[in-house]
Structure formats: structure tokens, C-alpha cells
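Enquirer: quick one: sequence and predicted model below, then my questions.
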Amino acid sequence: MADVTVVSSSIVQPENSSQSCWEKIHLTPFDLNLLHIDYTQRGLLFSKPYPETRFISRLKTSLSSALNVYFPFAGRLGKVDHQEDKTVSFHIDCNGSGARFIHAIADSVSVSDLLQPDGSVPEFFKLFFPMNGVRNVNGISEPLLALQVTEIKDRVFISFAYNHMVADGASIWNFFRTWSKICKNDTSVRQKSLFEEKLSG
């Protein structure tokens, strides 16, 4: 089995976390059907950047800026017990608590170890993902978004896990695209909040 060493694990908050809107996003009955399924996890393989780019620091800084736009991703799942009718409700608490960012190294692993000729996935590959076995309902105490950057011998693998209460497939890829543009210092990205986009769009 390949050794995956965690170099660091930290919480990245939105750039302006002190100015958080503290919005509550109420969930629909359809959302609640997904409470007991695991976080969705995906990943992308990239060429290895030059060491002098200090890419880990750059990724974390740009992530903070991206969370300023997609601020619900930095929140937590809120739970309210209603004593009067003995029911429970859930919402997204946009409190700016932050997303988890993990930096790991697996320097004995190369791309050929991951891309098997028969299409199978090696057992150790799950160690490249940040939220194995974590369910959506755990978002009360766990970050709603977690990312792991794993440096392997000849590439970098960036994985992310997200709580389905806060995002679907389309919105998480939009977030990833925005994060990428900010990381590349794309000045065309106007950083406005999701709610601003909905109101103006």
C-alpha cells in the first residue's frame, strides 16, 4: 500500500469572514432526503508545478478569495429542534467557519500506479480524498467543503468533497472554475456573492 503523509491540515476562511452575511439558507424536503448519504468526492490530476511557485500557499490564498464569493461553502449545517411539535429542521448557516484544506505527499506513487490498464482503482486511492465515510448530516460539525492537494512523484492530485446540502454538481464545478481563475490572477473575475449574482441575474 502506498504511503500518504499529511503535511498539514487547516481551515481556510473567507477573505472577509468578519463581514459574513450570516445568512441562513433553509433546506427543502428534497434536500433532507440526502442527509444520510456520504459527501460527494471528486478529483483532478494536474502537472507538477515548479517549487518556486509556492503553489500550496497560492492555492490557500485564492481559496479564501473564492469562498468570499461562494460563502455558503464556508458555513456549517444548522439543526433546530422544535419542542412544540417534536420536529427537527435543518438549514445552511453561512457563518464563515471555513473549508478544510489538506496538503499531503505520496512520493512513492506515480500516475501509472493510479491509471490501471484494466480500469480498476487501487485501494490506496481513497487516501487521496479528504472526507471518506463522512455523511451530509455530519455537516453540523464538519466543514461543508474539504479539499486535499496530494503531491505524487510526477503529478499533483487535487480532490474535493462537498456536502450535498450546500451544492450540486453544477455549482461545485462553477466554484472550482472561479477558484482556478482567481488562482491565476484572472482580473475578469468580479468577486460578488452568490446572492448578488442571483439578484442581478
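Expert: Cool, got the structure. Numbering: from 1, shown residues only.

Enquirer: burial of the residue nearest to residue 183 when sequence neighbours are not counted, as a residue count?
Expert: Nearest non-adjacent residue to residue 183, counting by CB to CB, 6 or more residues apart in numbering: residue 62, 3.9 Å away. Every C-beta, even on glycine, is put in place using the N, C-alpha and C of the backbone. The number of residues packed near residue 62 is 20, by other CB atoms under 10 Å.

Enquirer: in its sheet, what does the helix or strand hosting residue 148 sit against?
Expert: Taking DSSP states H and E as the definition, residue 148 sits inside strand 145-152. For strand 145-152, the paired strands and their directions (DSSP bridges) read strand 99-106 (parallel), strand 155-162 (antiparallel).

Enquirer: against residue 32, how distant is the residue located most distally from the centre of the chain?
Expert: Here the centre of the chain is the reference, and by CA atoms, centre = their mean the most remote residue is residue 84, at 36.1 Å. Note on residue 84: its distance to residue 32, by CB to CB, to the nearest Å, is 19 Å.

Enquirer: swap in residue 139?
Expert: Applying CB to CB, the value for residue 139 to residue 32 is 12 Å.

Enquirer: compare these two (neighbour count), which wins?
Expert: Higher neighbour count among residue 139 and residue 32: residue 139, with 26 against 15, using other CB under 10 Å.

Enquirer: find the nearest non-adjacent residue to the more buried one, please.
Expert: Closest to residue 139 by CB to CB, 6+ apart is residue 77, at 3.4 Å.

Enquirer: same question, residue 143
Expert: Closest residue in space to residue 143, ignoring its immediate chain neighbours: residue 100 at 4.5 Å, by CB to CB, 6+ apart.

Enquirer: show me what the one you found bridges to in the sheet.
Expert: Bridge pairing for residue 100 (DSSP bridges) gives the partners residue 11, residue 146.

Enquirer: was I right to think it contacts residue 144?
Expert: No. Judged on CB atoms under 8 Å, residue 100 makes no contact with residue 144 at a distance of 9.6 Å.

Enquirer: which one of those two has more residues nearby?
Expert: Taking neighbours as other CB under 10 Å, residue 100 and residue 144 compare with residue 144 leading, 27 against 19.

Enquirer: what's the distance between residue 122 and residue 7?
Expert: Going from residue 122 to residue 7 by CB to CB gives 21 Å.

Enquirer: swap that for residue 143, sorry
Expert: According to CB to CB, residue 143 and residue 7 sit 18 Å apart.

Enquirer: show me how far stretch 70-79 is from its chain's centre.
Expert: 11 Å (CA atoms, centre = their mean, to the nearest Å).

Enquirer: contacting residues for residue 73?
Expert: Contacts for residue 73 were tallied using CB atoms under 8 Å, 6 or more residues apart in numbering; they are 67, 99, 144-145, 162, 166-167, 175.

Enquirer: now the residues you listed in JSON lines, with distance to residue 116 and pLDDT?
Expert: Formatted as JSON lines, the contacts of residue 73 follow (distance: CB to CB, whole Å; pLDDT from 0 to 100):
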{"residue": "67", "distance to residue 116": "35", "pLDDT": "94"}
{"residue": "99", "distance to residue 116": "31", "pLDDT": "97"}
{"residue": "144", "distance to residue 116": "32", "pLDDT": "97"}
{"residue": "145", "distance to residue 116": "29", "pLDDT": "98"}
{"residue": "162", "distance to residue 116": "26", "pLDDT": "97"}
{"residue": "166", "distance to residue 116": "33", "pLDDT": "92"}
{"residue": "167", "distance to residue 116": "30", "pLDDT": "89"}
{"residue": "175", "distance to residue 116": "30", "pLDDT": "93"}
